[in-house]
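> predicted model and sequence below, questions to follow.
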Amino acid sequence: MNGPLAALTIQQFLADRLASWGSTDVVALVAFLLAALVHATLLISLFAVLPLVYIWLERKVAGRIQDRLGPTRVGGKFGWLQTLADGIKLIQKEDLVPAAADSMMFRMAPYLATVASFAAFMVLPIADGWVGVAAECGAFLILALMSLEVLGIILAGYSSGSKWALFGAMREAAQMVSYEIPMAICALIPLVIAGSLNLQVVGKMQAGGFWNWFIFHDPFAFFAFFCYFTVATASVKRAPFDLA
């Protein structure tokens, strides 16, 4: 990547510090691997903690809306550790593989779906100076990586050895593909406004306060934001879109 944004990556920072270690190709490879490791470690640590807070908060808000208490019994007065207790319970569940299933493919399917989701964060700028891999076409790369999750769903249904599981996987895959079309169209609007597919450029053009956000740029961007939010909610299977 050329230009001033090249210095705003973990990979380039490490490459500059390791420049005296050996040949350019070796340093570039080591910097890339270390940048990927640092980025992945930070993201996994972040997303291991955030669900504990957000799920607890969602349950509390839902409890208020539904005129009930919500979590109160685990972790003190406010049920702070309820989500952690649920996670420990789920970890202790038995890992079952159907007798007619292809064991290797069946076990590989959830990893494929998860890796595709996490890989998208490698090109997403988290903050100024924090991006795993700078890419000129980062927006399209994220959309492409997110679409790979469908392969994990289909692989799980196909390898289960059950035609009913395969039918369910095909139904879920059809829903996911239908979400991706409006999501991609809505994502194009801020890219057109910025005139770039580089997500660092898109982010920097919205710096300086919320009044510079693209959502307030024109009515089409305002509508696209809420359309994207709705489709994104559907894509993660949250109510009322948990159809499968």
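Thanks, I have the structure now.

> and the residue nearest the centre of the chain, how far from F47?
For the chain, the residue sitting closest to the mean C-alpha position, by C-alpha atoms, centre = their mean, is S117 at 4.7 Å. Distance of S117 to F47, computed by C-beta to C-beta, to the nearest Å: 10 Å. Where you see a C-beta, it was placed from the backbone N, CA and C, and this is true even at glycine.

> again with V177
Look at V177 and F47: by C-beta to C-beta, they are 25 Å apart.

> ok, now A127?
In terms of C-beta to C-beta, A127 sits 16 Å off from F47.

> who has more neighbours out of those two?
F47 (12 against 8; other C-beta atoms under 10 Å).

> secondary structure element for that one, which one?
Using DSSP states H and E, F47 maps to helix 24-65.

> I'd like the mean pLDDT over that helix, please.
Mean per-residue pLDDT for helix 24-65: 82.

> got it, and stretch 110-119?
Average pLDDT, stretch 110-119: 84.

> do you have the helices of this structure handy? List them.
With helices called from DSSP state H, the chain shows them at 10-17, 24-65, 82-91, 103-119, 138-147, 149-159, 163-194, 199-204, 219-235.

> helices and strands around the longest one, which ones?
Think helix 24-65. helix 10-17, helix 82-91, helix 103-119 (3 or more C-beta pairs under 8 Å, 6 or more residues apart in numbering; DSSP states H and E).

> and what of the shortest one?
Helices and strands touching helix 199-204, by 3+ C-beta pairs under 8 Å, 6+ apart, are helix 138-147, helix 163-194.

> quick check: nearest residue in space to F220, chain neighbours excluded?
Nearest residue to F220 in three dimensions, chain neighbours excluded: I189, at 6.2 Å (C-beta to C-beta, 6 or more residues apart in numbering).

> and that neighbour, how many residues sit next to it?
Neighbours of I189 (other C-beta under 10 Å): 21.

> okay, F222 and R171: tell me how far apart.
Taking C-beta to C-beta, one finds F222 at 33 Å from R171.

> distance to W213 added to the helices of the chain, as TSV?
Below are those laid out as TSV (distance: least, C-beta to C-beta, whole Å):
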stretch	distance to W213
helix 10-17	26
helix 24-65	22
helix 82-91	31
helix 103-119	25
helix 138-147	17
helix 149-159	28
helix 163-194	9
helix 199-204	11
helix 219-235	9
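
> quick check: domain ranges of the chain?
Taking automatic domain parsing as the reference, the chain has its domains at 1-93, 100-244.

> how about the contacts made by L199?
Taking C-beta atoms under 8 Å, 6 or more residues apart in numbering, we find L199 in contact with 123-125, 131, 138-139, 142.

> now the residue nearest to F220: how far from L124?
Remark: distance between I189 and L124 (C-beta to C-beta) = 18 Å.

> one more: A40?
Counting by C-beta to C-beta - A40 and L124 are separated by 13 Å.
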